[in-house]
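> The sequence and its predicted three-dimensional model are supplied below.
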Amino acid sequence: MNAWLEPIMVAIVLMNLILVASGRLSACIRIVAFQGIAVGLLFMVADVYPPTTDRLLFIFASMILKGFVFPWLLFQAIREANVRREVEPFVSYPVSVAICIMTLVISIWLGGRLPMPRPVLSPLVVPVALSTIFCGFFVIVSRPKALTQVLGYLVIENGIYIFGTALLLEQSVLVELAILLDIFVAVFVMGIMIFHISREFDHIDTQRLSELKD
Amino acid sequence: MDLMPFINIVLLLVLAPLLFGVINRVKAFFAGRRGQPLLQLYSDLYKLLRKHAVYSRTTTWVFRLGPVVGLGALLVACSLVPYGGGRALFAFEGDLVLFLYLLGLVRFSMVLAALDTGSSFEGMGASREVHFAVLAEPTLFLALAVLMRLTGQTSLSGIYSRFSVEVWVQAAPVLVLVAGAVLIVFLCENARIPVDDPNTHLELTMIHEVMVLDHGGVDFAFIQYGAALKFWLLGALLVGFVLPLRTGVPWADTGYFLVAMMMLAVVIGVIESVMARLRMLKVPHMLVVGMSLSVLALIFQLR
């Protein structure tokens, strides 16, 4: 069971790297979708309790939501808003990758110092969770489009999800459910917002939104 | 006295040019052509070795020394790499540093020879070669450091003798990362397709080929043969841990290793057939990805 834990976590970290290294919006959306599914798989593999029906149901619901519904909504937003397909980051791709790796190193250092209320599943889980959260933040601040900011939120949510897995909290399902709902609303609202912004201003570049004039 | 290392090196010296023939046949197969004969590079080498080298008046002894130093360093490097799980001819602690620096010496002599011609094309090629090497060399160092750490050995022979299927079962994610990094370095160092097109005829887009434009005759034969040796050496590093089947019988191990090298050549041929060459600006990105793969592997291995 735990033999699968490490490959999945390495895959999640790799997806973080690919996300900051890829230049196409559609590729980014797909990567985040895959990450959502991978995180769900991690949860399933890490489950030390006998899987109950509602837990499994919850995992599948989150996987379907993050793996299929969110990407579909975001693709819809791209098509409706007629966004240019490139990410156009402030920070170049190689530097982004380097920063992403730095966050992993920092997370490993941090993960070693963080006092845990109970023994964690694997020493790797907390660093992976933290670095995923940091990567999400980095995507939010370093990419100018409203759409990539939604992606950043989704990645942060994946990180929180992994963190919940690390602690194997029973309540984490509840917390997770609340976050998922928040994110769902956010994606929904963002989709509408992006559409409206682009209709009013012909672009979804957040940097240029401060130049509002009538 | 164990004869196996000698036999392995003789096999390497004889069979190295064959791999390029295999790659060309695979590419021809994908393009629907019949392609060159498998032994084309042998004929080329034979033809070149019968010719005299021609030297321009702007060149100096540096230009004449380049191919000789390059081939010499590669031949020394051949004695350090284990083939098929056995011991190399020479093995001592930290020999992988010597190996990598010998490859560095090959590049250095080629770059100096290219700059010595005073041709702006060759200077451009030299600049690109060095630029990409700056990114490729640390990647290979880090990848080998991961393998060192994984097996607890400090010589190439030691590292590769420890590899088996069990090591893969135990540390699969790390090894996949290392394999990806080494494959990217392999493609870059041998000037294969996503980085450089060995068949291109346009000097402006060349990297490796443009550096050797002014070499002719025996010198060019040395360079071509050296490229084949380098392909085999780096291929042995890759195949040695990606396909670690050890029978314990030296002959069977060598035979298996030769089959694995042919498979590598076929894989490279397939990669060259299905991929387009990257834009020159994107090549450093690919190398950075390779480097980050090996850094990740090191991080996961160290923690």
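Structure received.
> near chain A, which residues of chain B?
Selection of chain B residues close to chain A by C-beta under 8 Å from any C-beta of the partner chain yields B:172-174, B:176-177, B:284-285, B:288-289, B:292, B:295-296, B:299-300, B:303. C-beta here means a position set from N, CA and C on the backbone, and glycine is covered the same way.
> go again using 7 Å as the cut-off
Within chain B, the positions adjacent to chain A are B:Ala172, B:Pro173, B:Pro284, B:His285, B:Val288, B:Val289, B:Ser292, B:Val295, B:Leu296, B:Ile299, B:Phe300, B:Arg303 by C-beta under 7 Å from any C-beta of the partner chain.
> Quick one: buried ones out of these?
B:Pro173, B:Pro284, B:His285, B:Val288, B:Val289, B:Ser292, B:Val295, B:Leu296, B:Ile299, B:Phe300 (16 or more other C-beta atoms under 10 Å in any protein chain shown).
> Kindly reformat those residues as JSON lines containing pLDDT and secondary structure.
Conversion of these to JSON lines gives the following (pLDDT from 0 to 100; DSSP: H, G, I helix; E, B strand; the rest coil):
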{"residue": "B:Pro173", "pLDDT": "87", "secondary structure": "helix"}
{"residue": "B:Pro284", "pLDDT": "90", "secondary structure": "helix"}
{"residue": "B:His285", "pLDDT": "89", "secondary structure": "helix"}
{"residue": "B:Val288", "pLDDT": "91", "secondary structure": "helix"}
{"residue": "B:Val289", "pLDDT": "90", "secondary structure": "helix"}
{"residue": "B:Ser292", "pLDDT": "92", "secondary structure": "helix"}
{"residue": "B:Val295", "pLDDT": "93", "secondary structure": "helix"}
{"residue": "B:Leu296", "pLDDT": "92", "secondary structure": "helix"}
{"residue": "B:Ile299", "pLDDT": "90", "secondary structure": "helix"}
{"residue": "B:Phe300", "pLDDT": "88", "secondary structure": "helix"}
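> A:Leu147 touches A:Gly191, doesn't it?
No - A:Leu147 is not in contact with A:Gly191 according to C-beta atoms under 7 Å; the separation is 9.1 Å.
> Quick check: neighbours shared by those two?
A:Ala77 (C-beta atoms under 7 Å, 6 or more residues apart in numbering or on different chains).
> Could you tell me which residues of chain A lie near chain B?
Residues of chain A lying near chain B (C-beta under 7 Å from any C-beta): A:6-7, A:10, A:13, A:17, A:21, A:93-94, A:97, A:101, A:104-105, A:108, A:123-124.
> Could you find the lowest-pLDDT member of those?
Of all the residues of chain A next to chain B, A:Pro123 has the smallest pLDDT value, namely 80.
> ok, and the closest non-adjacent residue to that one?
B:Arg303 (6.7 Å; C-beta to C-beta, 6 or more residues apart in numbering or on different chains).
> same deal with B:Leu75?
Nearest to B:Leu75 is B:Leu229, by C-beta to C-beta, 6+ apart, at 7.4 Å.
> tally of neighbours for the one you found?
B:Leu229 has 22 neighbours, counted by other C-beta atoms under 10 Å in any protein chain shown.
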